[in-house]
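Novice: Sequence first, predicted coordinates after that:
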Amino acid sequence: MNCASKEEEVYTPIPATLEIPKLFSDKLISPLIPSNNPLTQEGIALGKKLFFDKILSKNNTQSCASCHNPKKAFTDDTRFSDGVDGKFGKRNSMPLFNLAWNFDERFAWDGKELGLERQALEPVRNPIEMHSKWTNVVQKLQNHSEYPTLFLQAFATLTIDSLLVTKAIAQFERTLISGESKFDKHLRGETTLTPEEQNGFNVFMDEARGDCFHCHGSNNNPLWTDNKFHNNGLDATFTDLGLGAVTGDPNDNGKFKSPSLRNLEFTSPYMHDGRFTTLEEVINHYSEGLVNSTTIDPLMKKVANGGVKLSTQDKSDLKAFLLTLSDYDFINNPAFQE
Amino acid sequence: MRNSILLFLILIITFNACSSDNDIPIINAKITLNFTHHWDETPVTNEDFNSIKFTTKNGEQLSIERLRYVISNVLLTDAKNNIDTLSNYHLINIGENSGLSYESPKTVHPGIYDLTFIFGFKDADNVDSAYKDLNTANFNVPAMLGGGYHFMQFDGKYKDTNIQDSNFNYHAIRAVDRTDPNNLKFQDTSIAVDLGEVIIDNNASIEIKMNIAEWFKNPNTWDLNVLNTVLMPNFDAQKMMSENGEGVFSLGEITQN
């Protein structure tokens, strides 16, 4: 504690900065940190504690980490996650990393969450997730033996509210940076790709073969996502409108966020509804399984043929390349474990 | 008498040097570029996207779903060949309504200038990975095609010969001949655009118009049934795009205040 005020101790939190991989700082513009929620050591630590604390749920059985497991790149391994009442959602839990580079600030598969802070409000009160009430959560935190002091240290107040809770969680989430995959090391000249991995990367970058780069980044965009919304040819008609349900624009029906391809090794199952269990299924979808619909993205150029028709070797090599985006340092980072 | 004439001249000069609004002499004028888009005479905004409502010279009906492009070396050049750089490069994304208006940090003296820019990047400026904002916007060109950046990404759907909706990706890049993948041959297909003379006498907003229809029109009548996708590695298609792009841009209204 630095100093004390008249009625309650005033603590000045220590500013913190993100540990940005050089590759990111070389290639990308600076990450987005809201001016009303600057990173502090105390805020990040509080956010981490809250992220792993089941106190946020109605019956103290689930935390954020229940569906966002660090060992799974902060997603889980089920198609749909079950909430505190045993009910299941209709979307696959999204992995969490490199979120501070989402400059449009549309989060979730359908983009309905406008900002990380606002996103964190939702699962707590969602009836098929934590099914709690913020008033109850705040009361539990307020009565807790540790939290009031931690909030005082992070935000200079003993009075806890939902906005401060979500600010802290968002601070922690912004620290979840993944930039130490084999491919990152390859780009830094520290390792080489196998011939299969290199060919897989070429398939990824070749407009006449995989043409993955238009939506999923490249060696020059190490996020491996454009953070935009696309209809990637999953269905002819939509039971889940995705972005369209959020914007109300029929032209957005069937569009979902393109996820980062980092850490795919840990994030199965795939797609917004977790319909594909393996990477082979995902690759086969783009190769032969595309389905036409009114809003299909023009970048799904070979939809009339079902897909880009990759050879067996190219499919195998593409998978080998995708696995070079696995970041074991990230999933094992002690700073991100409970 | 001489003093009266002198006073009269001073007054004339003083009034001519004042702005019309507040009589404050304009030493340096702010320049704002406004990018507007048209299909021939019809204005196009992102409200017009996603529906098949435009017809090319070749007769294909099409929709626009994504249209973004970069211009570089936006210059004002005066009669003495003095150059003011308004922007090194600038990305316009019609679908997201971003970059449509650009206020240059560079101010200029009132005068008569030639307004020029490059559509895309000249070879010397088309440096792989050099521009962080364009990397972040995912506007790169793969190294196997020489790297650097897209000049334009224009995606949509058209009615094919079977009256079915088909996708097109009209992506303009530096042309590359990949006949020998180990010896790529490039042709600079960026477009030097000269919008002609602009007279700046105060803070000015200059409209730069893109006629999207021209990309399919002149001198090459574009057949989307033949040239629709995978155009980035198509050397001849890139040259045709560049040729058609010569007539795409024009100078619109200039307003001064």
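Specialist: Sure, I can see it.
Novice: which non-adjacent residue is nearest A:Phe183?
Specialist: A:Thr324 (4.2 Å; C-beta to C-beta, 6 or more residues apart in numbering or on different chains). (Glycine included, C-beta is placed from N, CA and C.)
Novice: and the one you found, backbone torsions?
Specialist: phi -70, psi -10 (degrees, to the nearest 10).
Novice: same question, A:Leu163
Specialist: Torsion angles, degrees, to the nearest 10, at A:Leu163: phi -70, psi -40.
Novice: Give me the neighbour count for the closest residue to it other than its chain neighbours.
Specialist: For A:Leu163, ignoring the flanking residues on the chain, the nearest one in space by C-beta to C-beta, 6+ apart is A:Glu117 at 7.3 Å. Neighbours of A:Glu117 under the rule other C-beta atoms under 10 Å in any protein chain shown: 23.
Novice: where does A:Glu117 fall, helix, sheet strand or coil?
Specialist: What DSSP: H, G, I helix; E, B strand; the rest coil gives for A:Glu117 is helix.
Novice: can you pull the contacts of it?
Specialist: By C-beta atoms under 8 Å, 6 or more residues apart in numbering or on different chains, the contact set of A:Glu117 is A:34, A:37, A:163, A:166-167, A:170.
Novice: Just name the closest of these to A:Ala320, please.
Specialist: Relative to A:Ala320, the closest of those is A:Ala170; by C-beta to C-beta it sits at 35.5 Å.
Novice: count of residues packed around the residue lying closest to the closest one once chain neighbours are set aside?
Specialist: What sits nearest to A:Ala170 in space, not counting adjacent residues and going by C-beta to C-beta, 6+ apart, is A:Leu116, at 4.0 Å. Using other C-beta under 10 Å, the number of residues around A:Leu116 comes to 24.
Novice: In this structure A:Leu116 contacts A:Glu173, no?
Specialist: Yes: counting by C-beta atoms under 8 Å, A:Glu173 is a contact partner of A:Leu116 at 5.7 Å.
Novice: Identify the contacts common to the two.
Specialist: By C-beta under 8 Å, 6+ apart, A:Leu116 and A:Glu173 have these common neighbours: A:Leu99.
Novice: mind listing what the residue lying closest to B:Ile27 once chain neighbours are set aside touches?
Specialist: Spatial nearest neighbour of B:Ile27, excluding adjacent residues (C-beta to C-beta, 6+ apart): B:His109 at 7.1 Å. Counting by C-beta under 8 Å, 6+ apart, B:His109 touches B:27-29, B:200.
Novice: so what's residue 52 scoring on pLDDT?
Specialist: No chain specified, so I'll use chain A. pLDDT, A:Phe52: 98.
Novice: look at chain B instead
Specialist: Reading off the model, B:Ile52 has pLDDT 97.
Novice: how much space between it and chain A?
Specialist: 11 Å (C-beta to the nearest C-beta, to the nearest Å).
Novice: Tell me how many other residues surround that residue.
Specialist: Using other C-beta under 10 Å, B:Ile52 is surrounded by 15 other residues.
Novice: any idea which of the contacts of A:Glu117 is closest to B:Asn220?
Specialist: A:Pro34 (48.6 Å).
Novice: Surely the closest one is in contact with A:Gly115?
Specialist: Yes: in this structure, A:Pro34 is within contact of A:Gly115 by C-beta under 8 Å, at 7.5 Å.
Novice: low-confidence ranges in the stretch 1-150 of chain B?
Specialist: Counting by pLDDT under 70, the stretch 1-150 of chain B shows low-confidence ranges at B:1-26.
Novice: which sections of the stretch 1-150 of chain A are below the confidence cut-off?
Specialist: Across the stretch 1-150 of chain A, the ranges flagged by pLDDT under 70 are A:1-9.
Novice: Would you map the strands across it?
Specialist: If you assign secondary structure with DSSP state E, counting those that start in this stretch, the strands in the stretch 1-150 of chain A sit at A:3-4, A:9-10, A:106-107, A:113-114.
Novice: same deal with the stretch 201-338 of chain A?
Specialist: Taking DSSP E, counting those that start in this stretch, the strands of the stretch 201-338 of chain A run over residues A:229-230, A:256-257.
Novice: wait, does the first one contact chain B?
Specialist: No: counting by C-beta under 8 Å from any C-beta of the partner chain, chain B has no neighbours in strand A:229-230; the shortest distance is 10.1 Å.
Novice: what sits up against that strand?
Specialist: A:106, A:110-111, A:215, A:242-243, A:252, A:255-258, A:297, A:299.
Novice: Which of those sits closest to chain B?
Specialist: Nearest to chain B out of these is A:Leu299 (C-beta to the nearest C-beta; 6.4 Å).
Novice: quick one: contacts for residue 211?
Specialist: Reading this off chain A. The contact partners of A:Asp211, by C-beta under 8 Å, 6+ apart, come to A:299, A:301, A:308, B:230.
Novice: that's the wrong chain, I wanted chain B
Specialist: B:38-40, B:247-250.
Novice: Could you turn the buried ones of those residues into a ChimeraX selection?
Specialist: A single ChimeraX command selects the buried members of the contacts of B:Asn211 (16 or more other C-beta atoms under 10 Å in any protein chain shown):
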select /B:38,39,248,249
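Novice: Same list (the contacts of B:Asn211) but as CSV, adding secondary structure.
Specialist: Converted to CSV, the contacts of B:Asn211 look like this (three-state DSSP):
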residue, secondary structure
B:His38, strand
B:Trp39, strand
B:Asp40, coil
B:Gly247, coil
B:Val248, coil
B:Phe249, strand
B:Ser250, strand
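Novice: from what I can see B:Leu76 touches B:Val108, true?
Specialist: Yes: under the criterion of C-beta under 8 Å, B:Leu76 makes contact with B:Val108 at 5.7 Å.
Novice: neighbour-wise, which of those two wins?
Specialist: Each of B:Leu76 and B:Val108 has its neighbours counted (other C-beta under 10 Å); B:Leu76 has more, 23 against 18.
Novice: What's opposite the more buried one in the beta bridge?
Specialist: B:Asp84, B:Leu115 (DSSP bridges).
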